[in-house]
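J.: this one's sequence-less:
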């Protein structure tokens, strides 16, 4: 029987429920917690999460947990970990430290103590020391301090999983990829009868690209070359290659849902097209330069899903000027998209009041550190 491990998948706040559903689909036993999901499974389960999760930031493997009352407890607790079973002295590593206490006032000091303990432990065992690498380390080590209890994790994902490696140029105020997937799930992208999806203010194309990846059943991390487990000494390379091969075979040639992406800026549309090409889904998306006032439903379309992240006033301009954009958008929806559903990711929810539409569902999200709200509307031409 394959060995079973405990893991922790991190995610942005308020995505925990969706992430738990996703992790269960990888065959794991799960428990939802704050900003993540604890789960149990085999190494294959964790590899699937690294390859297939559209919602997680990181997949962490706990390797030690111990109480601490002072900095010596932290140092010697880390030093007792059998590090040579995880990586050798030729590999580089990076430490991320989270949490504070009476004796650790800042995360930089905590990370430094952990680094010293690892280096000293390996030098005592084989006379050699590994090097720290701030950029592209071979091994990522995450340490959490809560209530005088330290948990040490190996980060199996490495760089955050929200990065899919298809955004050569991000554009202005982009929505993070895993938040885009969460928006699409809440909006109902997986419904079998969804014929059309349209983003009238697509920006760099993140929402439509993530939609295409979902609809074509493409694993979101197929473009990534390295993970946090790549240089881990317990990494099963044959198992990983098997899962990658399976993922490539599961890709659908075509998406049954037609996807349209519009933006008023031709340069932005060029960026979105390029990103879609890098993601391997350019064939699934029809891009066009269109202003909001020129948006109409595709020919013969009586219903569909509009998903968009419109500009908002924090970084993209004056809120008073944006009121006109939202008013126009609301009028266009009522005139040209009756019987459609709209999902609006609003960084400034009060601007959505200018649309004169009443949402039937709302979800609180975070785009990085910025709070935002997802508003779902059932569009009715008589609404005012």
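T.: That came through, no problem. It should be emphasised that the depicted structure is a prediction, and the values quoted were computed from it without experimental measurement. Numbers count the residues shown, from 1 in each chain.

J.: Give the next helix or strand downstream of the lowest-mean-pLDDT helix or strand in the chain.
T.: Least confident helix or strand of the chain, by mean pLDDT, DSSP states H and E, is helix 313-316 with a mean of 52. Per DSSP states H and E, helix 313-316 leads on to helix 319-336 as the next helix or strand towards the C-terminus.

J.: So which elements touch that next one?
T.: helix 313-316 (3 or more C-beta pairs under 8 Å, 6 or more residues apart in numbering; DSSP states H and E). Backbone N, C-alpha and C define where each C-beta goes, glycine included.

J.: What separation is there between the residue lying farthest from the centre of the chain and residue 93?
T.: In the chain, residue 127 marks the outermost C-alpha relative to the chain mean, sitting 40.2 Å out by C-alpha atoms, centre = their mean. Look at residue 127 and residue 93: by C-beta to C-beta, to the nearest Å, they are 18 Å apart.

J.: which SS state does residue 22 fall under?
T.: Three-state call for residue 22 (DSSP: H, G, I helix; E, B strand; the rest coil): helix.

J.: And for residue 77, nearest residue in space, chain neighbours not counted?
T.: residue 66 (4.3 Å; C-beta to C-beta, 6 or more residues apart in numbering).

J.: how close does the one you found get to residue 107?
T.: In terms of C-beta to C-beta, residue 66 sits 19 Å off from residue 107.

J.: now do residue 92
T.: 20 Å.

J.: which residues touch residue 83?
T.: By C-beta atoms under 8 Å, 6 or more residues apart in numbering, the contact set of residue 83 is 118, 121, 122, 125.

J.: Turn those residues into CSV, columns for neighbour count, pLDDT and secondary structure.
T.: Output for the contacts of residue 83, formatted as CSV (neighbours: other C-beta atoms under 10 Å; pLDDT from 0 to 100; DSSP: H, G, I helix; E, B strand; the rest coil):
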residue, neighbour count, pLDDT, secondary structure
118, 24, 97, helix
121, 19, 96, helix
122, 21, 94, helix
125, 12, 86, helix
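
J.: which element is the residue nearest to the spatial centre of the chain on?
T.: Central residue of the chain (C-alpha atoms, centre = their mean): residue 178, 2.6 Å from the mean position. Using DSSP H and E, residue 178 sits within helix 177-187.

J.: That helix packs against which elements?
T.: helix 16-24, helix 206-215, strand 305-308, strand 341-346, strand 359-367, strand 370-378.

J.: which one of these is the most hemmed in?
T.: helix 206-215 (a mean of 27; mean count of other C-beta atoms under 10 Å).

J.: okay, the angle between that helix and helix 177-187?
T.: 70 degrees (axes from the mean of the first three to the mean of the last three C-alpha atoms, to 10 degrees).

J.: Helix 206-215 to strand 341-346, inter-axis angle?
T.: 130 degrees.

J.: related to what we said a few turns ago, for the residue nearest to residue 77, what are its contacts?
T.: 73, 77, 149, 150.

J.: Domain-wise, how is this structure divided?
T.: 5-155, 177-217+227-378 (automatic domain parsing).

J.: mind giving me TSV with those and columns for distance to residue 164?
T.: Putting the domains of the chain into TSV (distance: least, C-beta to C-beta, whole Å) gives the following:
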stretch	distance to residue 164
domain 5-155	9
domain 177-217+227-378	5
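
J.: what's the span of stretch 334-349, first residue to last?
T.: 19 Å (C-alpha to C-alpha, to the nearest Å).

J.: for that stretch, the distance to its chain's centre please.
T.: Offset of stretch 334-349 from its chain centre (C-alpha atoms, centre = their mean, to the nearest Å): 23 Å.

J.: before we move on, what about stretch 226-244?
T.: Using C-alpha atoms, centre = their mean, the offset of stretch 226-244 from its chain centre is 21 Å.

J.: repeat for stretch 279-287
T.: For stretch 279-287, the distance to the chain centre is 20 Å (C-alpha atoms, centre = their mean).

J.: Can you list the buried residues in it?
T.: Using 16 or more other C-beta atoms under 10 Å as the test for burial, stretch 279-287 gives 279, 280, 281, 282, 284, 285, 287.

J.: quick one: which two of those residues are the most distant?
T.: 280 and 287 (15.3 Å; C-beta to C-beta).

J.: What is the end-to-end distance of stretch 224-243?
T.: End-to-end for stretch 224-243, by C-alpha to C-alpha: 14 Å.

J.: what bits of the stretch 51-200 of the chain have low per-residue confidence?
T.: 169-173 (pLDDT under 70).

J.: Where does residue 120 sit, in terms of helix or strand?
T.: Going by DSSP H and E, residue 120 is in helix 107-126.

J.: Which ones among the buried residues of stretch 279-287 lie within strands?
T.: Within those, residues falling in strands by DSSP state E are 285, 287.

J.: And the buried residues of stretch 279-287, which is closest to residue 306?
T.: For the buried residues of stretch 279-287, the nearest to residue 306 is residue 285 (14.7 Å; C-beta to C-beta).

J.: Please determine how far that closest one is located from residue 74.
T.: Residue 285 is 50 Å from residue 74, by C-beta to C-beta.

J.: Ok, residue 40 next?
T.: Residue 40 is 27 Å from residue 74, by C-beta to C-beta.

J.: who's more crowded, these two?
T.: residue 74 (23 against 13; other C-beta atoms under 10 Å).

J.: What's the end-to-end length of stretch 138-153?
T.: 15 Å.

J.: please begin residue numbering at 28 from this point
T.: Will do, 28 is the new start, and the previous item becomes stretch 165-180.

J.: So which bits of it are buried?
T.: Quick answer for stretch 165-180 (16+ other C-beta under 10 Å): 165, 166, 167, 168, 169, 170, 171, 172, 177, 178, 179, 180.

J.: give the contact list for the first one.
T.: Meaning residue 165. 114, 118, 119, 120, 257, 258.

J.: and the first one, what is it in contact with?
T.: By that I understand residue 114. So residue 114 contacts 120, 157, 165, 166, 258, 259, 260 (C-beta under 8 Å, 6+ apart).
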